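Novice: one predicted model, sequence on top.
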Amino acid sequence: SQKIEQNSEALNIQEGKTATLTCNYTNYSPAYLQWYRQDPGRGPVFLLLIRENEKEKRKERLKVTFDTTLKQSLFHITASQPADSATYLCALLGNTGGFKTIFGAGTRLFVKA
Amino acid sequence: EPEVTQTPSHQVTQMGQEVILRCVPISNHLYFYWYRQILGQKVEFLVSFYNNEISEKSEIFDDQFSVERPDGSNFTLKIRSTKLEDSAMYFCASQAGNSPLHFGNGTRLTVT
């Protein structure tokens, strides 16, 4: 069955450092992969989308890589700030040919000042 | 920037009662979704809706659930006879096409 795995342990880093989050997937051949941010009690907010023919995508302090051979995406936040503290969700479009986007469980990031 | 709005923000109901959760998607979007998130767990897909019909649904979306787009703006999720395990955050999302999902801030449903 289709699975998306994200590191369930929280990631604690110091302000100014780079945070790197991992998303692995199995039994998917996604055309693209997405990253969302979720704050407590709020809906997910879209951050970045990377297509299968793209190796890397950047937006301000965010960078996403996509390795379809390893079936893995890495999400980096450079020069992290306490305001970056949130849960980050990896998401893929399901294989059913419809419009179902499936989310990983997310990784909680804590950035300490 | 246009946003998805959901009402109410918190709904408390007794087991066995019917609830209707309401959403106003972004106006030019064509695809509509409901997701659920039990406290501390992941965001789970319930149902997608396009062209006035359900296009896909998950195993969670059984006969107790229904969705409707009664007019040009609202999108509703009805749970006919709530169970304790229906307690969760329910998120509505809309999408323009082959683009990311835009989520509302959810309705927290508490079934007692």
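Specialist: Here it is on my side, so go on. Numbering: from 1, shown residues only, chains lettered A, B, ... in the order given.

Novice: how about the residues of chain B near chain A?
Specialist: Proximity of chain B to chain A, by CB under 8 Å from any CB of the partner chain, involves residues B:4, B:31, B:33, B:35, B:41-45, B:48, B:50, B:55-56, B:58, B:89, B:91, B:93, B:95, B:100-106, B:108. Heads up, the C-betas are built off the backbone N, CA and C, glycines and all.

Novice: are any of these buried, and which?
Specialist: B:4, B:31, B:33, B:35, B:42-45, B:48, B:55-56, B:58, B:89, B:91, B:93, B:95, B:100-106, B:108 (16 or more other CB atoms under 10 Å in any protein chain shown).

Novice: in strands, which of those appear?
Specialist: B:31, B:33, B:35, B:44-45, B:48, B:55-56, B:89, B:91, B:93, B:95, B:102-103, B:108 (DSSP state E).

Novice: and residue 109, what does it touch?
Specialist: Since no chain was named, I'll use chain A. By CB atoms under 8 Å, 6 or more residues apart in numbering or on different chains, the residues touching residue A:109 are A:10, A:11, A:13, A:19, A:21, A:77, A:80, A:84, A:85, A:86, A:87, A:88.

Novice: ah, I was thinking of chain B
Specialist: B:11, B:13, B:19, B:21, B:79, B:82, B:86, B:87, B:88, B:89, B:90.

Novice: now with 10 Å?
Specialist: Contacts for residue B:109 (CB atoms under 10 Å, 6 or more residues apart in numbering or on different chains) come out as B:8, B:10-13, B:19, B:21, B:36, B:77, B:79, B:82, B:86-90.

Novice: same deal with residue A:62?
Specialist: So residue A:62 contacts A:35, A:37, A:47, A:48, A:75, A:76, A:77, A:78, A:84, A:88 (CB under 10 Å, 6+ apart).

Novice: go on, residue A:31?
Specialist: Residue A:31 touches A:51, A:52, A:53, A:92, A:93, B:98, counting by CB under 10 Å, 6+ apart.
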